[in-house]
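# Give the three-dimensional model of this entry:
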Amino acid sequence: MRRTAGLLIALGLVWLAEGQTVGWRTDGSGRYPEATVPPTWSAKENLVWHTPLKGFSNASPLLVGDCLIVLGEPYALYCLNPVDGAIRWRADNSYEAVLGTETVARLKAEAAPKLAPIQARITELDPQLKDARDQLKADKQNKELRNRVNALQRQRQELDQQLSAADPLRPPGTHGENGFSSYTPVSDGQGLYVFYGNGVLAAYDLTGQRRWGKIVDKPTHGWGQSSSPVLADGKLLLHVAALVAYDPATGNELWRTPSEWGWGTPAVTKLGETTIAITPKGDAIRVSDGKRLATKLGRLEFATPLVADGVVYFIEGKSCAVKLPASAEEPFAKEPLWRVALKGDRHYSSPLLHDGLLYTISRKGEFSLIEAATGKLLLEQAVDCGKDVNTFYCSPTLVGNHIVIGAMNGETVVLEPGREYRELGRNRLEPYRTTPIGAGSRLLLRGTSGVFCFGK
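Numbers count the residues shown, from 1 in each chain. Now for the predicted structure:
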């Protein structure tokens, strides 16, 4: 044990000072300036270890003390040794594992009478919908047919919603590239808090013992969601149907504030002594009691707001920066500091702020560089990662003195920070959709087949 602890310290693989929390992009910034990772790596070059895992996950790795936490489809939670990648423990967060077989059986029995008439209506409706769609294919200009298809589809969606409301054990829909484990866990160094697309929210200690688990809000979008849990002011925040605060010790709901959800994660900051959460849709909500302090500060569909030095940045196609008040008692600015339009229809990745510059990339590879103070668009550059799928889900990450940006096909672009677009190289790996983290002399990345650790 002493040898392992010594290696962790020597490699810089100990993260989390007292009073800190770690979650998505570690502290939300995606910055690891002290990391000393070589700029080139692959499955053969500068690979320290690779641990295969069953099922992919889009959640980023989480380094907590001497535990490397990763998720796996559909509901797996893993703890790895960050020195050699050995699996220390695994936990299952399915309904049966969290609630117990007796509770699951009881819930199924209670739901059955409610589900039967809904299922009967679906059985009646589905052939009608199929027949109408087939007719529309043969007569695409028929407006009456199109209206009928739309009406039947709305009825079908309503029945699906009724099924979800009547059946607490019915997993919601999701996209094949998203899955049920796209939510990066969060930790305060003692507890570990995880959420999955089946609606399970659970707390663990770092030995893998579940402290509590429950079904909370389930994603309602047919492609799932990806907003990660957040710890702030002694509360566990989760933004699915609404922004909800839970007691980390018990899982009890403390407050619930209606707030339009986004794919990104709420950003947490302080206004004087008051902690607030800023949602992707621009709500500013006081963490102590859930009071909404401001609305429509900005709006993001897929990315996460970034807060630094009293300014919150909403970066996507239509980007803006908003100056925050010095205290929660002061009014919020009605007008942004600046606005700028960027190329790219969607920005799945969240921005990186480094040395006064904002780095961002659209899903199709339109790279943009913005001067954070003024909003001046310094450059736009197309990043081509080949003929195969090169969607950019991963957020730009600072690792040492390099910026890494990963594409879904497994190609990672390494850039030199600065006002010019300067590629230092490209690294090729298996496909991945997660954002890597840096720690000491290591880069930790969750691929589709498992976890990779790179370093000298």
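# Can you verify Tyr359 is assigned to a strand?
Yes - going by DSSP: H, G, I helix; E, B strand; the rest coil, the assignment for Tyr359 places it inside a strand.
# That one: neighbour count?
Look at Tyr359: counted by other C-beta atoms under 10 Å, it has 23 neighbours. For the C-beta atoms, the positions are set from N, CA and C on the backbone; glycine is no exception.
# next one: the one 10 residues further on
Counted with other C-beta under 10 Å, residues neighbouring Leu369 total 20.
# Could you say which helix or strand holds it?
strand 366-371 (DSSP states H and E).
# what sits up against that strand?
Contact with strand 366-371 is made by 315, 319, 340, 342-344, 356-362, 376-383, 405, 419, 421, as judged by C-beta atoms under 8 Å, 6 or more residues apart in numbering.
# Weed out the non-buried ones from those.
Burial by neighbour count, 16 or more other C-beta atoms under 10 Å: within the contacts of strand 366-371 this picks out 315, 319, 340, 342, 344, 357-362, 377, 381, 383, 405, 421.
# Do a quick rundown of the helices in the stretch 351-456 of the chain.
Counting by DSSP state H, counting those that start in this stretch, one finds no helices in the stretch 351-456 of the chain.
# just for it, where's the confidence low?
Filtered on pLDDT under 70, the stretch 351-456 of the chain yields the residue ranges 387-389.
# next one: the chain
In the chain (pLDDT under 70), the answer is 1-19, 387-389.
# ok, longest helix in it?
helix 101-138 (DSSP state H).
# Skip ahead from that helix and say which helix or strand is next.
Following helix 101-138 toward the C-terminus (DSSP H and E): helix 143-166.
# what's that following helix packed up against?
The helices and strands touching helix 143-166, judged by 3 or more C-beta pairs under 8 Å, 6 or more residues apart in numbering; DSSP states H and E, are helix 101-138.
# Can you give me the domain boundaries for the protein?
97-166, 244-341 (automatic domain parsing).
# Distance to Ser42 for the ones you listed - can I get that in TSV?
Formatted as TSV, these follow (distance: least, C-beta to C-beta, whole Å):
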stretch	distance to Ser42
domain 97-166	36
domain 244-341	28
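# what's the most buried one of the ones you listed?
Mean neighbour count (mean count of other C-beta atoms under 10 Å) peaks for domain 244-341 among the domains of the chain, with a mean of 18.
# how long is that domain end to end?
With C-alpha to C-alpha, to the nearest Å applied, domain 244-341 spans 32 Å between its terminal residues.
# and it, how far from the chain's centre?
The chain centroid and the centroid of domain 244-341 are separated by 16 Å under C-alpha atoms, centre = their mean, to the nearest Å.
# How about stretch 76-89?
Mean C-alpha position of stretch 76-89 versus that of the full chain (C-alpha atoms, centre = their mean) differs by 21 Å.
# For that stretch, measure first residue to last.
So stretch 76-89: terminal residues 11 Å apart, C-alpha to C-alpha.
# contacts for it?
4, 7-8, 11, 13, 49-51, 53-55, 63, 66-72, 90-93, 181, 185, 194, 204, 206-208, 439, 442, 444, 451, 453.
# just to revisit the earlier point, in the strand holding Leu369, what counts as buried?
Using 16+ other C-beta under 10 Å as the test for burial, strand 366-371 gives 366-370.
# sorry, back to before: just the buried ones from the contacts of stretch 76-89?
8, 11, 13, 49-51, 53, 55, 63, 66-72, 91, 93, 181, 185, 194, 204, 206, 439, 442, 444, 451, 453.
# Which residue comes closest to Tyr432 once chain neighbours are left out?
Counting by C-beta to C-beta, 6 or more residues apart in numbering, Gly447 is the residue found nearest to Tyr432 once chain neighbours are left out, at 4.5 Å.
# Am I right that that neighbour is in contact with Leu429?
Yes - between Gly447 and Leu429 there is a contact at 6.2 Å, judged by C-beta atoms under 8 Å.
# just the strands in the stretch 351-456 of the chain please.
352-354, 357-361, 366-371, 377-382, 397-399, 402-406, 411-415, 423-428, 437-439, 442-446, 450-454 (DSSP state E, counting those that start in this stretch).
# Let me know which of these is the nearest to Ala308.
strand 352-354 (5.4 Å; C-beta to C-beta).
# Show me how far the closest one is from its chain's centre.
Distance of strand 352-354 from the chain centroid (C-alpha atoms, centre = their mean) equals 18 Å.
# all numbers from here: first residue = 609
Got it, the first residue is 609 from now on, which makes the last one we talked about strand 960-962.
# Contacts for that strand, please.
Contacts of strand 960-962 (C-beta under 8 Å, 6+ apart): 637-639, 914, 916, 921, 966-968, 980, 1003-1006, 1011, 1025.
# if we go to 6 Å?
Contacts with strand 960-962, where a contact means C-beta atoms under 6 Å, 6 or more residues apart in numbering, come from 638, 916, 967, 1004, 1006, 1025.
# Thanks a lot, see you next time.
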